[in-house]
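**Q** Structure of the sequence below:
(2 chains)
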Amino acid sequence: DTGVSQDPRHKITKRGQNVTFRCDPISEHNRLYWYRQTLGQGPEFLTYFQNEAQLEKSRLLSDRFSAERPKGSFSTLEIQRTEQGDSAMYLCASSREGGLAGGIDEQYFGPGTRLTVT
Amino acid sequence: DAKTTQPTSMDCAEGRAANLPCNHSTISGNEYVYWYRQIHSQGPQYIIHGLKNNETNEMASLIITEDRKSSTLILPHATLRDTAVYYCIVRVAKAAGNKLTFGGGTRVLVKP
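**A** Next comes the predicted model:
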């Protein structure tokens, strides 16, 4: 178990450029989540995959954002035409369905990708 | 999901117990109380969860009041490595999107 990994850890981009982040979940976890965190705030949910199916998307996920999880393994989050307001930490988490008592999940978070849009 | 209220910050002496309160007066009968923490520059980390009964694991204890309107996370012997933001989250077991809804949390500073 090597934990959830994210790449890159830091990304600086100019406004209007596209960026793509990658998340590699813990290998046996079938659920994957993306969150966004701005300075001083708690993480905000963006989207959720069960295997390769994207089952939930937050209203925060505008049409400039797209997430994929081909083959139910790694996931990518792409932001098109970045804006300064997109500057944030993007966190990925994974879990195993019903991993805890009560049928609930323990979400394991990666270290995040810090995006700065200049 | 029920809303939670936590103090913005608190200090704790190293080696002493840290008691972190959380109010969730609108909690429903099928909602669990979860605690996560986030150490600086890391992703959040699960600590503990409970429904009605008090719970204990290797990291902490969770005390839930009988009416379930509030709870306390107890770190029995705080260390400097426990300095983090602690989030109290209330949600049903199978929430839509399985999402966690984080509030502002409590910033805990453990002092030597």
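**Q** Buried residues of the helix or strand of chain A with the lowest mean pLDDT, list them for me.
**A** Least confident helix or strand of chain A, by mean pLDDT, DSSP states H and E, is strand A:53-57 with a mean of 92. For strand A:53-57, a neighbour-count test (16 or more other CB atoms under 10 Å in any protein chain shown) marks A:Q54, A:E56, A:K57 as buried. The way it works is simple: take the backbone N, C-alpha and C, and place the C-beta from them, glycine included.
**Q** near chain B, which of these show up?
**A** Among the buried residues of strand A:53-57, the ones lying near chain B by CB under 8 Å from any CB of the partner chain are A:E56.
**Q** and which of the buried residues of strand A:53-57 is nearest to chain B?
**A** Set against chain B, the nearest of the buried residues of strand A:53-57 by CB to the nearest CB is A:E56 (3.0 Å).
**Q** Show me what the closest one is bridged to.
**A** Per DSSP bridges, the residues bridged to A:E56 are A:Y48.
**Q** Distance check, it against A:E78.
**A** Remark: distance between A:E56 and A:E78 (CB to CB, to the nearest Å) = 18 Å.
**Q** dump the residue contacts of residue 11.
**A** The chain I'm using is chain A. Neighbour list for A:K11: A:V19, A:F21, A:T113, A:R114, A:L115, A:T116 [criterion: CB atoms under 8 Å, 6 or more residues apart in numbering or on different chains].
**Q** wrong chain, I was asking about chain B
**A** Neighbours of B:D11 in contact, by CB under 8 Å, 6+ apart: B:V108, B:L109, B:V110, B:K111.
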